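1. from the sequence below, what's the structure:
(2 chains)
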There are 2 protein chains.
Amino acid sequence: MLPPSEKALVPFVSVDNMMRLVHHIGIETVLRDLADYIEEDFRRWELFDKTPRVASHSDVGVIELMPTSDGESYGFKYVNGHPKNTSEGLQTVTAFGLLANVYTGYPVLLTEMTILTALRTAAMSAVAAKHLAPKGSHTMAMIGNGAQSEFQTLAMKAIIGLNTVRLYDKDPAATRKCAANLAHTGLTVIPCTSPEQAIEGAQILTTCTADKQNATILSDNMVGSGVHINAIGGDCPGKTELASGILTRSDIFVEYPPQTRIEGEIQQLAPDHPVTELWQVITGATQGRTDQRQITLFDSVGFAIEDFSALRYIRDKVADTPFHIDLDMLADPDDPRDLYGMLTRAKA
Amino acid sequence: MLPPSEKALVPFVSVDNMMRLVHHIGIETVLRDLADYIEEDFRRWELFDKTPRVASHSDVGVIELMPTSDGESYGFKYVNGHPKNTSEGLQTVTAFGLLANVYTGYPVLLTEMTILTALRTAAMSAVAAKHLAPKGSHTMAMIGNGAQSEFQTLAMKAIIGLNTVRLYDKDPAATRKCAANLAHTGLTVIPCTSPEQAIEGAQILTTCTADKQNATILSDNMVGSGVHINAIGGDCPGKTELASGILTRSDIFVEYPPQTRIEGEIQQLAPDHPVTELWQVITGATQGRTDQRQITLFDSVGFAIEDFSALRYIRDKVADTPFHIDLDMLADPDDPRDLYGMLTRAKA
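-> Numbers count the residues shown, from 1 in each chain, chains lettered A, B, ... in the order given. Next up, the predicted model:
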């Protein structure tokens, strides 16, 4: 049997290689680079083929496919969300993704995206904060100290110059873990014992909890003027984190309204409640924050274009490194019409 | 760095290993087994989570995701269709697929599906012919002698006892290739120089051509009574193979009407033209062929449940064989909430 031709091979970045690649580049550099790739794609938002993600819900979680295309490349992510997994020693969220060439339909990259999603979600939050948070924001309350919390914090440091984070989780062990992980990053890390304590003096309030329910992580009276709320955890139908009173006092910015209206905090509001698309702030078509006393809310659910940006980044960065293997994933007979002949000749 | 835990590993079946597995089992046995798995899933059709595939069209082709779930397992296929690829030395269709556990959201199998799709498409056609073709059908006209043609023919042999195939393609080289591949299969193989010659004496007419256009591979006056038409190649908007006059004289059987109305031969008909869902014939809820003089038409576009059946089959068969490798595709920190800690510890 001849070895498969190069056309048949798809570069694959394993979890192990993703970690090596991130350390090879440096975590904070990766976060800044991802922010640049995301901003670049948000600036050309209109040319993307956009669709709400395709979700398959069960009693215990959801499995989603998130495709998009810029006309030259096509990308999709497979991602699950299973809050009960943590108690069984599994990840709440795992993901992998693929980038393909639109002209040939052939895949050009397969990669783990559990780590990559954590990085791009954090970079996305920091991009939004860069455009929406009060000028000179230096302190963030990080409510929910699970798998995403360190990435969120480090992205805010790398991209908008955060110097202090105030941590709260209903499970003190999660806060201890997060604080230990952030101990040598140059940030001032302040573990707190209540959400009220965590938000003291913070200009940015990030909520990232995982319960699949309508929760009230921030109640209306906790949120004063002049803050930016970065709401990450309300990201599927029936799962929200903020009191609706906060929403009606905020100027709300979203990724892709048709998806956010179903999945985001704004599922609590009327379907025509005004929201601003973040890409229009990034292009300058619309203003972001206009007043230091305003409450801005980034109602983030994660959109396919962000994964597309992350896939483009990994494709560009991994090419000349050893941090991938080639998978024999595509049948490539010498004569394209002779798939059967390839199969029968393989017997020999 | 510790090796990844077993939870993080996803069995991957490469093209090379798929070919080894198929030969290990035997091609005709694989086709019969796949027909059994497909029939089993069609019998429990109603419990599946069904959605038309998610297509991303470009000028030169299409990239599709085809997800479904039976509540215990979730499967999807990535597949492209690029008719112009053949002239560039690439496959028209390449595919890969994934099966996951609905309870955890964790993938349990990643596999090439270019070869597997060819096998399942052929098995599906033979399942339909088993229920719809005239009793004692022994001769098939195979019009379009590309990558799918040998699989179609062999499945009809393995599943309904076909003994003769009459080949036609507008490119004689394709017919020569197909005839050579089928030379030692025990079938009588008759190369023909026109579609009219190919359909002489055939009870089953299979059309499988790849042009992305509304073509007329079979015209109305070519098709007499008492035949079963197995129309494979009309499978996306703007791509059909049969004269509409044939459709109005036929009893039409389809996989999933919401998808077939958009993609199949019946895109030429009114949106309420009566069709029968094949699964209802298989369960016995509806009759298939009721008269030897009837024209039955299986307007096949390929549906996600068939890929699901194929993924289930490969998962069951590959488990105790050496025909897979394990991919480190899922991040699996010791503490599920400590993804960042796993990343930073990997640096050491």
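
2. show me where chain A has helices.
-> A:15-25, A:27-43, A:114-132, A:149-160, A:172-181, A:195-198, A:244-249, A:257-263, A:278-283, A:304-318, A:339-345 (DSSP state H).

3. dump the ones you listed to a markdown table, plus mean pLDDT and mean neighbour count.
-> Yep, even glycine has a C-beta here, placed from its N, CA and C like the rest. Formatted as a markdown table, the helices of chain A follow (pLDDT from 0 to 100; neighbours: other Cβ atoms under 10 Å in any protein chain shown):
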| stretch | mean pLDDT | mean neighbour count |
| --- | --- | --- |
| helix A:15-25 | 97 | 20 |
| helix A:27-43 | 98 | 20 |
| helix A:114-132 | 97 | 26 |
| helix A:149-160 | 98 | 26 |
| helix A:172-181 | 97 | 19 |
| helix A:195-198 | 96 | 19 |
| helix A:244-249 | 94 | 17 |
| helix A:257-263 | 91 | 19 |
| helix A:278-283 | 98 | 20 |
| helix A:304-318 | 97 | 23 |
| helix A:339-345 | 93 | 21 |
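
4. ok, which of those comes nearest residue B:65?
-> helix A:304-318 (11.5 Å; Cβ to Cβ).

5. which elements pack onto that closest one?
-> When contacts are defined as 3 or more Cβ pairs under 8 Å, 6 or more residues apart in numbering or on different chains; DSSP states H and E, helix A:304-318 packs onto strand A:9-13, helix A:15-25, helix A:27-43, strand A:62-69, strand A:73-81, strand A:95-101, strand A:107-112, helix A:114-132.

6. can you show me the CA trace of the shortest one as CSV?
-> As requested, C-alpha coordinates have been extracted for strand A:9-13 and formatted as CSV (Å, rounded to 0.1, in the frame of the first residue of the first chain):
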residue,chain,number,x,y,z
LEU,A,9,-3.3,14.8,5.0
VAL,A,10,-4.9,17.2,7.5
PRO,A,11,-2.7,18.9,10.1
PHE,A,12,-4.0,18.0,13.6
VAL,A,13,-3.2,20.0,16.8
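
7. now it: buried residues?
-> A:9, A:10, A:11, A:12, A:13 (16 or more other Cβ atoms under 10 Å in any protein chain shown).

8. closest to chain B out of those?
-> residue A:12 (6.9 Å; Cβ to the nearest Cβ).

9. who touches that closest one in this structure?
-> A:110, A:111, A:324, A:325, A:326, A:327, B:327 (Cβ atoms under 8 Å, 6 or more residues apart in numbering or on different chains).

10. of the residues you listed, closest to residue A:184?
-> residue A:111 (28.2 Å).

11. and the residue lying closest to that closest one once chain neighbours are set aside, what does it touch?
-> Distance criterion Cβ to Cβ, 6 or more residues apart in numbering or on different chains; nearest residue to residue A:111, sequence neighbours excluded, is residue A:13 at 3.9 Å. By Cβ under 8 Å, 6+ apart, the residues touching residue A:13 are A:21, A:109, A:110, A:111, A:112, A:314, A:318, A:323, A:324.

12. hmm, which two among these are most spread apart?
-> A:21 and A:110 (14.3 Å).

13. tell me the confidence at residue A:94?
-> For residue A:94, the model assigns a pLDDT of 89.

14. what's the neighbour count on residue A:97?
-> Applying other Cβ atoms under 10 Å in any protein chain shown, we find 25 residues neighbouring residue A:97.

15. roughly how far apart are it and residue A:323?
-> Computed as Cβ to Cβ, to the nearest Å, the residue A:97 to residue A:323 distance reads 16 Å.

16. cool, and residue A:85?
-> In terms of Cβ to Cβ, residue A:85 sits 27 Å off from residue A:323.

17. what do you get for residue A:129?
-> Applying Cβ to Cβ to residue A:129 and residue A:323 gives a distance of 30 Å.

18. which of the residues in stretch A:99-108 are buried?
-> Neighbour-count burial for stretch A:99-108 [16+ other Cβ under 10 Å]: A:99, A:100, A:102, A:103, A:104, A:105, A:106, A:107, A:108.

19. isn't the third one up against residue A:67?
-> No - taking contact to mean Cβ atoms under 8 Å, the distance of 11.7 Å between residue A:102 and residue A:67 leaves them out of contact.

20. can you list residues touching both of these two?
-> Counting by Cβ under 8 Å, 6+ apart, the residues touching both residue A:102 and residue A:67 are A:74, B:56, B:63.

21. and those residues as JSON lines, adding distance to residue B:230 and neighbour count?
-> Below are the shared contacts of residue A:102 and residue A:67 laid out as JSON lines (distance: Cβ to Cβ, whole Å; neighbours: other Cβ atoms under 10 Å in any protein chain shown):
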{"residue": "A:74", "distance to residue B:230": "31", "neighbour count": "25"}
{"residue": "B:56", "distance to residue B:230": "28", "neighbour count": "21"}
{"residue": "B:63", "distance to residue B:230": "26", "neighbour count": "26"}
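
22. with distance to residue B:167 and pLDDT added, can I get those residues in TSV?
-> Formatted as TSV, the shared contacts of residue A:102 and residue A:67 follow (distance: Cβ to Cβ, whole Å; pLDDT from 0 to 100):
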residue	distance to residue B:167	pLDDT
A:74	35	97
B:56	34	93
B:63	31	95
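
23. would you point out which residue of the stretch 101-250 of chain A is nearest chain B?
-> For the stretch 101-250 of chain A, Cβ to the nearest Cβ, closest residue to chain B: residue A:105, 2.5 Å.

24. who are the contact partners of that residue?
-> Contacts of residue A:105 (Cβ under 8 Å, 6+ apart): B:61, B:62, B:63, B:80, B:81, B:82, B:85, B:94.

25. out of those residues, which is most surrounded?
-> Busiest of the contacts of residue A:105 [other Cβ under 10 Å] is residue B:94, holding 30 neighbours.

26. any idea how far chain A is from that one?
-> Residue B:94 sits 5 Å away from chain A, going by Cβ to the nearest Cβ, to the nearest Å.

27. verify the contact between that residue and residue B:79 for me.
-> Yes - using Cβ under 8 Å, residue B:94 makes contact with residue B:79 at a distance of 7.3 Å.

28. as JSON lines, the contacts of residue A:13 with distance to residue A:118 would be great.
-> Formatted as JSON lines, the contacts of residue A:13 follow (distance: Cβ to Cβ, whole Å):
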{"residue": "A:21", "distance to residue A:118": "14"}
{"residue": "A:109", "distance to residue A:118": "18"}
{"residue": "A:110", "distance to residue A:118": "18"}
{"residue": "A:111", "distance to residue A:118": "13"}
{"residue": "A:112", "distance to residue A:118": "11"}
{"residue": "A:314", "distance to residue A:118": "14"}
{"residue": "A:318", "distance to residue A:118": "18"}
{"residue": "A:323", "distance to residue A:118": "18"}
{"residue": "A:324", "distance to residue A:118": "20"}
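
29. residue B:217: which of those is nearest?
-> residue A:110 (36.2 Å).

30. show me what contacts the closest one?
-> Taking Cβ under 8 Å, 6+ apart, one finds A:10, A:11, A:12, A:13, A:96, A:97, A:98, A:327, A:329 in contact with residue A:110.

31. how about a cut-off of 10 Å?
-> If you count contacts by Cβ atoms under 10 Å, 6 or more residues apart in numbering or on different chains, residue A:110 has them with A:10-14, A:96-100, A:311, A:324, A:327, A:329, B:12, B:96, B:110, B:327, B:329.

32. how near is the residue nearest the centre of chain A to residue B:70?
-> Nearest to the mean C-alpha position of chain A, by Cα atoms, centre = their mean, lies residue A:121 at 2.3 Å. If you measure residue A:121 against residue B:70 using Cβ to Cβ, the figure is 31 Å.
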